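# Need a 3D model of the following:
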Amino acid sequence: MSRKYTLDDVITEFLLNTCRLRPLASIHTIQAAIYCGEILAARELLLGLDEGTDWEFITLTTGSVAEFYIEPMLPHVGDIDILYHLNTLLAIPRGHPPPTQLPTEFHNYVKVFEIIDSHLPGYVYLELRYLLTECSDDYKYNAVEYDRGKYLQRDRDRPMTNIHGPATLIASIDEALLSVDQVFCVRCLSWPSQAADWPTRHRNYGWPDSATLDHVVSNGCDLVGVAHRQCRQHEWRSKNQWRLSFSRAEIVLVNSWMPVQQIVYHMLRYFMKTERLTDCADNTGAGKLSNYHIKTLMLWACELKSTSWWIDDVNLVRMCVQLLHTLAKWLDDGWFQHYFINNCNLIDNSFNVTNIRDQLISIDGTWLSTWFVDNYIRACLQLTPHHVSRLFDDVSTSMKLQNAVSAVVAWRQRNSMLGVWDMLDSAGYAMVKFVHKHFLTVSSCVGWMREFGKIDLRLCICFTAVAFLHVAYKSLRHGLNDELLDVLATLCGQFISRRRYSSNSASQLSLGKAVELMKATVNKLLSTMSLIEIELSKAYLYGALRCNDSDSDSIYCLAAPCH
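Below you'll find the predicted structure:
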């Protein structure tokens, strides 16, 4: 005898079958990659520095775009979140010695700040301690100590109307594109001492596993510029306080979840947002629940609940009810423990949670099932054609509702390729638009190619074609200058790091690039790309001979490998 098909079952079937696996090359991931390149292209404008400054921004897509690998029918990405840090700044845990080696993305001169605890867990100060200088012979760094007492201040010049928390909101003027939250940070390559016990604490159910733990710890953390709400009126703390950010860790952890866990996370976020129980942090000083509280709830649930709780007799509504009741209990207790920092409470007396707690406690499975039918499934119907949506005109019985839901699921699965076409169309349009808008630089080319390479190699090929056309257009109008030569070399895959040649003369730099390009063509079949590389090497050689120091001994030393 088959069991009775309940409203809970309808919701579970609908979410499990419509939250498909997101293709790597989705509209949102492409938009994020383009925004990362735009930040790199506009680096001089962001901090008001002169063009030609050789520092770089390093970007990372975070938030929903990076964390979700499912793609529900309803939007689950509100904006694009991007962290970016300067390759001239670095943070280290207090008491750690200055590093002697750094990833190649860092500059040859790096200021190192020590992380100093504040009186509030998770909030710190950054004291300037060392200047690292790279040695040209072995690429290791020497450290010189600074006098104590100098602290890194946060950016105080951002327009307050566009700020929420540490992020600056850049609204999109194109309705087809999402807005972007840009968050400046300081990179810390080490796991912070404030969360030292997180990797080793006892876990009953084996999540995260050892490989995931190692991956998280090896990524270190970041420091983002925001003061605790209690310190925003304090003259010194409001300028100098930073918050530990575990965005890199969260990306790894959320991507390690099972699909059912990602779906429950999506459901909780959608419910809390629709019921206006969460909102973005504002500048009034009053505490509000946010998506970060829901993420923290889910991280704890994935660690504290067994695999069988998630996969045996899957009932998504029941899971949501239990987790919402857990949230209500934490609010009632006044203790919402940070997932990584064990003595950090994510709520305090400034949070007005009484009404939210009472609402959450009153929720049961019957009410929440009806809520998801009325507010989620019916919202999905607006995306379907009339012959599908009209089936919901009469859902007076569970069988009729089940048939209507099945029709939506079938339509969703039949039209899965539409998203791919939308993605390709969006990618081509956005590449042309942004490349035309921003003069291509080596930095932006490297950034765009890196970001597109993470998604799909074919997007790199598309970008390369667009960039070649852009260089051809610019060179016809203004001639082939040094910057365009470097862009072409980068597009050919022969990016020469400024750091590597930072101490070299102009002639050495130009000849070094020529040598690299000539090496690249050795034993390579003749092709359009190799012909371009040969012509570029000639251009760099000619440029070396035109330099004022072209008669120096260094030119002949570097020319030796060419013979």
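# Quick one: the strands in the protein, in order.
Along the chain, the stretches classed as strands by DSSP state E are 20-21, 57-62, 70-71, 80-86, 89-93, 109-117, 123-134, 141-145, 163-164, 167-170, 180-188, 221-224, 242-245.
# Which among those strands is found nearest to Lys474?
strand 57-62 (22.7 Å; CB to CB). Quick note: C-beta positions are derived from backbone N, CA and C, even for glycine.
# Neighbouring strands - and their directions - for the closest one?
Next to strand 57-62 in the sheet, as set by DSSP bridges, lie strand 80-86 (antiparallel).
# pLDDT on the strand it pairs with, on average?
For strand 80-86, the per-residue pLDDT values average out at 92.
# Going forward, count from 727.
Sure, I'll start counting at 727 from here, so that last one is strand 806-812.
# Counting neighbours, what do you get for Ile842?
14 (other CB atoms under 10 Å).
# So it is in contact with Arg855, correct?
No. Counting by CB atoms under 8 Å, Arg855 is not a contact partner of Ile842; they are 10.0 Å apart.
# For Tyr877, find the nearest of the strands of the chain.
The nearest among the strands of the chain, by CB to CB, is strand 849-860 at 5.4 Å.
# With only the CA atoms kept, save the closest one in PDB.
Only the C-alpha atoms of strand 849-860 are listed here, as PDB (Å, rounded to 0.1, in the frame of the first residue of the first chain):
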ATOM      1  CA  TYR A 849      37.300  42.600  15.100                       C
ATOM      2  CA  VAL A 850      40.900  43.600  15.000                       C
ATOM      3  CA  TYR A 851      43.400  46.300  14.200                       C
ATOM      4  CA  LEU A 852      46.300  46.100  11.600                       C
ATOM      5  CA  GLU A 853      49.600  47.400  12.900                       C
ATOM      6  CA  LEU A 854      52.300  48.200  10.400                       C
ATOM      7  CA  ARG A 855      55.300  46.000  11.300                       C
ATOM      8  CA  TYR A 856      57.500  45.200   8.300                       C
ATOM      9  CA  LEU A 857      58.500  46.200   4.800                       C
ATOM     10  CA  LEU A 858      59.300  43.200   2.600                       C
ATOM     11  CA  THR A 859      61.700  43.700  -0.300                       C
ATOM     12  CA  GLU A 860      62.200  41.000  -2.900                       C
END
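# quick one: average pLDDT of it?
On average, strand 849-860 scores 96.
# And it, what does it pack against?
In terms of contacts (3 or more CB pairs under 8 Å, 6 or more residues apart in numbering; DSSP states H and E), strand 849-860 is packed against strand 815-819, strand 835-843, strand 867-871, strand 968-971.
# Tell me which strands the second one pairs with, and in which orientation.
This means strand 835-843. strand 815-819 (parallel), strand 849-860 (antiparallel).
# If you count neighbours, what's buried in that strand?
Tyr835, Val836, Lys837, Val838, Phe839, Glu840, Ile841 (16 or more other CB atoms under 10 Å).
# tell me the contacts of the residue nearest to the last one when sequence neighbours are not counted?
The reference is to Ile841. Among residues not flanking Ile841 along the chain, Val850 sits closest, at 5.0 Å (CB to CB, 6 or more residues apart in numbering). Neighbouring residues of Val850 by CB atoms under 8 Å, 6 or more residues apart in numbering: Ile841, Ile842, Asp843, Ser844, Gln920, Leu949, Gln967, Trp968, Arg969, Leu970.
# The nearest residue to the second one once chain neighbours are set aside: what's it in contact with?
Spatial nearest neighbour of Ile842, excluding adjacent residues (CB to CB, 6+ apart): Tyr851 at 4.5 Å. By CB under 8 Å, 6+ apart, the contact set of Tyr851 is Ile841, Ile842, Ser844, Tyr877, Asn966, Gln967, Trp968.
# Let's see the PyMOL selection covering just the buried ones among those residues.
Only the buried members of those enter the following PyMOL selection, criterion being 16+ other CB under 10 Å:
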select buried, resi 841+844+966+967+968
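# And the contacts of Tyr851, which is closest to Leu1257?
Distances from Leu1257 to the contacts of Tyr851, taken by CB to CB, are shortest for Trp968, at 50.5 Å.
# ok, that closest one to Gln879 distance?
According to CB to CB, to the nearest Å, Trp968 stands 10 Å off from Gln879.
# try Leu979
For Leu979 relative to Gln879 (CB to CB), the value is 31 Å.
# With neighbour numbers in mind, choose between these two.
Leu979 (24 against 15).
# quick one on the thing from earlier: redo the buried residues of strand 835-843 as a markdown table? Include pLDDT and distance to Asp1120.
Compiled in a markdown table, those are given as follows (pLDDT from 0 to 100; distance: CB to CB, whole Å):
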| residue | pLDDT | distance to Asp1120 |
| --- | --- | --- |
| Tyr835 | 93 | 71 |
| Val836 | 96 | 67 |
| Lys837 | 97 | 68 |
| Val838 | 97 | 68 |
| Phe839 | 98 | 65 |
| Glu840 | 98 | 67 |
| Ile841 | 98 | 62 |
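# right, and the pair among the residues you listed with maximum separation?
Tyr835 and Ile841 (20.6 Å).
# residues contacting the residue nearest to Phe1118 when sequence neighbours are not counted?
Of all residues not flanking Phe1118 in the chain, Ala1130 sits nearest, at 5.0 Å (CB to CB, 6+ apart). Contacts of Ala1130 were listed using CB under 8 Å, 6+ apart, and they are Leu1117, Phe1118, Val1121.
# Same list, these, but as TSV with pLDDT and neighbour count please.
Output for the contacts of Ala1130, formatted as TSV (pLDDT from 0 to 100; neighbours: other CB atoms under 10 Å):
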residue	pLDDT	neighbour count
Leu1117	88	18
Phe1118	88	18
Val1121	84	18
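# Out of these, which is nearest to Gly1091?
Using CB to CB, the contacts of Ala1130 come closest to Gly1091 at Val1121, 18.5 Å.
# tally of neighbours for the nearest residue to the closest one once chain neighbours are set aside?
Excluding its sequence neighbours, the residue lying closest to Val1121 (CB to CB, 6+ apart) is Leu1127, at 4.1 Å. Per other CB under 10 Å, the neighbour tally for Leu1127 reads 20.
# Just want to check the distance between Leu1235 and Thr1167.
Taking CB to CB, one finds Leu1235 at 16 Å from Thr1167.
# okay, and for the stretch 1027-1176 of the chain, where does confidence drop off?
Residue ranges of the stretch 1027-1176 of the chain with pLDDT under 70: 1076, 1142-1152, 1164-1165.
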